[in-house]
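J.: got a structure for you, letters missing:
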């Protein structure tokens, strides 16, 4: 079955630590996205990638970094510069960034501070 | 600039009654409109979309939505609610005529269906 796999499901970060969230898709989609979800705030775009080896900042990129070395993979690093990292992080993909096709979502990673 | 609004934080309905979850949008061009549902600690699942054509769109799990261009609305509806429909619902919009624009999500509406 095609889909998006996010891991781990739960992650804990210590002060001053960088952590990396994994996102893998086998849908052969060109575009991939990272969103942050906080209660009552909907989804906010952190980074997106339209194609391999290319990515752009979204609305709340500060304190985060990404890479897109393979079409299937789009990992997100939450750096120590992100002072309020506690949230639910969702990865998504779509056929193309400007496609009229829907985005497909993984089941998220919940990040908390120790 | 494009935007989307879900004016109700929560909608409560009794099982078997019709339900409506409201969504209004603002884009300068032709809208691409989507509805998603999210269950606790899960990702978003796609329900239906409007790109062009018939204003009444049918989707998964018996849901439908009506595109109203004059009122810039895309309300989600279901004729008979189920307890299992209780979840968080998101409307999303993108300006289909503007290159490089992102998909914008509303803040979500919690649907609670009582038995």
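T.: Yes, it's here. This one's a predicted model, so the numbers in the text were calculated from it and none came from an experiment.

J.: quick one, helices of chain A?
T.: Ranges of helices in chain A, per DSSP state H: none exist.

J.: ok, now chain B?
T.: Going by DSSP H, chain B shows no helices.

J.: what parts of it come near chain A?
T.: Proximity of chain B to chain A, by CB under 8 Å from any CB of the partner chain, involves residues B:9, B:32, B:34, B:36, B:41-46, B:49, B:51, B:90, B:96, B:99-103, B:105-108. No exception for glycine: its C-beta is placed from N, CA and C like everyone else's.

J.: got a list of what the closest residue to residue A:50 other than its chain neighbours touches?
T.: Of all residues not flanking residue A:50 in the chain, residue A:97 sits nearest, at 4.4 Å (CB to CB, 6 or more residues apart in numbering or on different chains). Neighbouring residues of residue A:97 by CB atoms under 8 Å, 6 or more residues apart in numbering or on different chains: A:30-31, A:48, A:50, B:100.

J.: so which of those wins on neighbours?
T.: Of those, residue A:48 is surrounded by the most neighbours, 24 neighbours in total, counting by other CB atoms under 10 Å in any protein chain shown.

J.: got the contact list for the nearest residue to that residue once chain neighbours are set aside?
T.: What sits nearest to residue A:48 in space, not counting adjacent residues and going by CB to CB, 6+ apart, is residue A:33, at 4.6 Å. When contacts are counted by CB under 8 Å, 6+ apart, residue A:33 touches A:45, A:47-49, A:58, A:74, A:91-94, A:103.

J.: and those as JSON lines, adding pLDDT?
T.: Below are these laid out as JSON lines (pLDDT from 0 to 100):
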{"residue": "A:45", "pLDDT": "95"}
{"residue": "A:47", "pLDDT": "97"}
{"residue": "A:48", "pLDDT": "96"}
{"residue": "A:49", "pLDDT": "96"}
{"residue": "A:58", "pLDDT": "95"}
{"residue": "A:74", "pLDDT": "98"}
{"residue": "A:91", "pLDDT": "98"}
{"residue": "A:92", "pLDDT": "97"}
{"residue": "A:93", "pLDDT": "96"}
{"residue": "A:94", "pLDDT": "93"}
{"residue": "A:103", "pLDDT": "94"}
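
J.: out of these, which are buried?
T.: A:45, A:47-49, A:58, A:74, A:91-94, A:103 (16 or more other CB atoms under 10 Å in any protein chain shown).

J.: what is the end-to-end distance of stretch A:12-20?
T.: Using CA to CA, to the nearest Å, the end-to-end distance of stretch A:12-20 comes to 11 Å.

J.: tell me the residues of chain A that contact chain B?
T.: A:4, A:6, A:35, A:40-43, A:45, A:48, A:58, A:88, A:90, A:92, A:97-98, A:100, A:102-108, A:110.

J.: so which of those residues belong to strands?
T.: Using DSSP state E, the members of the residues of chain A next to chain B that fall in strands are A:4, A:6, A:35, A:43, A:45, A:48, A:88, A:90, A:92, A:104-105, A:110.
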